[in-house]
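Chemist: after the sequence you'll find the predicted model.
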Amino acid sequence: MSESHLRDESPDPAEAAATGESRPEHQDHHVFVDSEDDDWAWRRRIRANPTSAKVYRIGVFALGLVVVVVGILLIPFPGPGWLIVIGGLAIWATEFERAQSVLEFVKRYVRAWEGWIKRQNPAVKALAGIVGIAFIATVLWLTFHFSGIPGFFPDGLENWMRTTARI
């Protein structure tokens, strides 16, 4: 077994005693995962060396962090902000079990919301759409109100935003 990859699981002592399994000599609440459990040969090679495994995990964490932060910054704007955040979470989930459980939680609730919306009548679907558009419009208005109108906007749009939208 390789000590280069750890799972954040603490086996139940009663279950271990019943199956005859013993805990590793280390008393740190981690179960060692055999590098052969990984389906990708390149990751098995990385995990075979403790130093490269640690560098790889740090790299995955850093990449996931950048993607999550960019996604969070994009949430207020129309577009795929939440999708980018979930993508960063998926990157983390390749190495970190806590991220895997959060990703499963998100997927479960997004599917439940999607199923609920599909079962609703057209009036409720339209209301949900209107509420979503109103939320996005409010976030955009607040963003432009406090940060200003970008200089690259066409003059006609900028004039409309200053007069009609009162930004």
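Modeler: Everything's here; your move. In this text the structure is predicted, and so the values were computed from the model without any measurement.
Chemist: helices and strands of this protein: which one bottoms out on pLDDT?
Modeler: Within the chain, confidence by mean pLDDT, DSSP states H and E is lowest for strand 31-32 among all helices and strands, at a mean of 36.
Chemist: need the next SSE after it, C-terminal direction.
Modeler: Remark: after strand 31-32, the chain's next helix or strand is helix 41-48, criterion DSSP states H and E.
Chemist: name the next helix or strand downstream of that next one, please.
Modeler: Past helix 41-48, the next helix or strand by DSSP H and E is helix 50-74.
Chemist: check which helices and strands that following helix sits against.
Modeler: Contacts defined by 3 or more Cβ pairs under 8 Å, 6 or more residues apart in numbering; DSSP states H and E place helix 50-74 against helix 41-48, helix 81-93. C-betas here are computed from N, CA, C, even on glycine.
Chemist: export the ones you listed as a markdown table, with columns for mean neighbour count and distance to residue 124.
Modeler: Shown next, in a markdown table, are the helices and strands packed on helix 50-74 (neighbours: other Cβ atoms under 10 Å; distance: least, Cβ to Cβ, whole Å):
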| stretch | mean neighbour count | distance to residue 124 |
| --- | --- | --- |
| helix 41-48 | 15 | 45 |
| helix 81-93 | 18 | 22 |
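Chemist: residue nearest the centroid of the protein?
Modeler: residue 89 (2.6 Å; Cα atoms, centre = their mean).
Chemist: please name the nearest non-neighbouring residue to it.
Modeler: residue 103 (5.0 Å; Cβ to Cβ, 6 or more residues apart in numbering).
Chemist: and the one you found, what element?
Modeler: Element membership for residue 103 (DSSP H and E) is helix 97-119.
Chemist: quick one: the next helix or strand after that helix to helix 97-119, angle?
Modeler: Per DSSP H and E, the first helix or strand lying C-terminal to helix 97-119 is helix 122-147. On the basis of axes from the mean of the first three to the mean of the last three Cα atoms, to 10 degrees, helix 122-147 is oriented at 130 degrees to helix 97-119.
Chemist: contacting residues around the following helix or strand past helix 122-147?
Modeler: Sequence-wise, the next helix or strand downstream of helix 122-147 (DSSP H and E) is helix 155-163. Residues outside helix 155-163 that contact it (Cβ atoms under 8 Å, 6 or more residues apart in numbering): 144, 149, 153, 167.
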